[in-house]
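Chemist: Below are the sequence and a predicted model; questions follow.
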Amino acid sequence: MKALVYTGPKRVKFLDVPDPAPESGEALVEVESVGICGSDMHAFLGHDERRPAPLILGHEAAGTILSGPRKGARVAVNPLVTCSVCEDCVDGRTNLCAARQIISMPPREGAFAGLLRMPEENLLDIPNKLSADRAALTEPIACGWHAINLAEKAMRRPLAASRAVVLGGGAIGLGAALVLAGRGAVDISIAETNEERRKTLRGAGAFNVYDPISDDGPEAGSAQLVIDAFGSRATRKSASALVRSGGVIVHIGLSGAEGGLNVRRMTLQEVTFIGTYTYTALDFRETLAAIVSGGLGPLDWTEIRPLCDGQQAFTDILSGSAATPKIVLRP
């Protein structure tokens with residue numbers, strides 16, 4: 001099969017590689033659409049020791065099952081493979097499974113390829129009316145879905161009566177904003193430094209989209225909820241300043257691990273900080289159902305490119321010339 005293989009920092013190559021061989025309980029999937037995630041970019045830059053070259057990246061996928069009892073079914077791929085028997089899995093917190101594996105990280109190759117092997121239970125049926133391009137958005141939006149679930153449990157006020165600020169207008173940040181809107185929030189701001197992307201964000205929903213470098217955004221101490229969808233020293237510093245007393249910061253992104261968080265202010269103002277990782281199996285199913293029902297909008301903010309042009313897609317994202325929150329590749 002053909003695959004886009006990460007071969008070293010800032011290099012991916014479109015190569016012939018062996019077809020994957022499904023193991024017991026697994027099916028072979030023909031990949032039709034796969035998105036480029038921020039974690040793929042992190043690996044592309046050589047910043048993720050968990051993803052050594054050579055490796056097939058990509059985990060935001062949808063396609064058609066080619067083998068087994070469900071042959072021919074169109075599916076969205078939940079890329080998080082878990083044991084199903086540990087305490088966390090039994091408690092429904094599958095994302096915390098100590099034995100978890102995610103495709104695009106050894107020992108599992110990713111979905112920037114023509115074919116992918118996956119456990120049957122990780123393949124969720126999608127209706128014919130839903131395109132594979134839209135179905136591939138289930139994974140990044142599920143990250144926001146999970147984050148908002150945790151935030152709602154910690155907040156003192158309902159979302160409809162709260163100001164929410166999302167830091168970062170990529171697919172995860174925009175997805176979180178769409179989930180917020182779908183649950184009744186009306187005062188939603190998105191901070192995004194990319195001018196072209198800001199134009200796209202304004203068309204995606206009734207959001208206050210601003211440049212955190214040059215624009216006047218929400219005032220300090222005014223947000224009941226801050227979603228850090230980028231996760232750098234700078235965004236953690238902004239989140240610490242924006243959140244009001246007794247508010248909640250939810251940290252999804254992890255572009256850098258050090259600095260920025262004002263722990264003194266969080267302590268004195270009783271701010272709740274929640275770190276979130278991916279999503280549970282239930283979150284993934286609920287996100288897909290919301291996409292199918294249209295509850296998250298038309299999801300028309302992607303750019304579609306062929307997988308063979310993957311190097312240029314990565315380069316464009318790196319340079320900031322990609323205007324949309326998500327580039328989806330088609331094998």
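Modeler: Happy to help now that I have it.

Chemist: Tell me the gap between stretch 296-308 and the middle of its chain.
Modeler: Chain-centre distance of stretch 296-308: 14 Å, with CA atoms, centre = their mean, to the nearest Å.

Chemist: quick one: the strands in the stretch 1-150 of the chain?
Modeler: 2-8, 11-16, 26-35, 55-56, 60-65, 74-77, 80-81, 101-102, 115-119, 123-125 (DSSP state E, counting those that start in this stretch).

Chemist: Could you provide these in JSON lines, with additional columns for mean pLDDT and distance to Ala171?
Modeler: Any C-beta I mention is one placed from the backbone N, CA and C, and that applies to glycine too. Shown next, in JSON lines, are those (pLDDT from 0 to 100; distance: least, CB to CB, whole Å):
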{"stretch": "strand 2-8", "mean pLDDT": "98", "distance to Ala171": "19"}
{"stretch": "strand 11-16", "mean pLDDT": "97", "distance to Ala171": "19"}
{"stretch": "strand 26-35", "mean pLDDT": "98", "distance to Ala171": "7"}
{"stretch": "strand 55-56", "mean pLDDT": "98", "distance to Ala171": "20"}
{"stretch": "strand 60-65", "mean pLDDT": "98", "distance to Ala171": "8"}
{"stretch": "strand 74-77", "mean pLDDT": "98", "distance to Ala171": "15"}
{"stretch": "strand 80-81", "mean pLDDT": "98", "distance to Ala171": "17"}
{"stretch": "strand 101-102", "mean pLDDT": "96", "distance to Ala171": "17"}
{"stretch": "strand 115-119", "mean pLDDT": "98", "distance to Ala171": "20"}
{"stretch": "strand 123-125", "mean pLDDT": "98", "distance to Ala171": "19"}
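
Chemist: Can you tell me which of those is nearest to Asp216?
Modeler: strand 26-35 (32.6 Å; CB to CB).

Chemist: for the closest one, which positions count as buried?
Modeler: Of all the residues in strand 26-35, those buried under the rule 16 or more other CB atoms under 10 Å are 26-35.

Chemist: ok, now stretch 242-249?
Modeler: Buried residues in stretch 242-249 (16+ other CB under 10 Å): 242-244, 247-249.

Chemist: Just put these in a markdown table and tack on secondary structure, pLDDT and distance to Lys13.
Modeler: What follows is those, written out as a markdown table (DSSP: H, G, I helix; E, B strand; the rest coil; pLDDT from 0 to 100; distance: CB to CB, whole Å):
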| residue | secondary structure | pLDDT | distance to Lys13 |
| --- | --- | --- | --- |
| Leu242 | helix | 98 | 42 |
| Val243 | strand | 98 | 44 |
| Arg244 | strand | 97 | 49 |
| Gly247 | strand | 98 | 46 |
| Val248 | strand | 98 | 43 |
| Ile249 | strand | 98 | 40 |
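
Chemist: ok, so of those, who is nearest Ala151?
Modeler: Closest approach to Ala151 among these (CB to CB): Val248, at 5.4 Å.

Chemist: Among the buried residues of strand 26-35, which one sits closest to Ile304?
Modeler: Taking CB to CB as the measure, Ser33 is the one of these closest to Ile304, at 7.9 Å.
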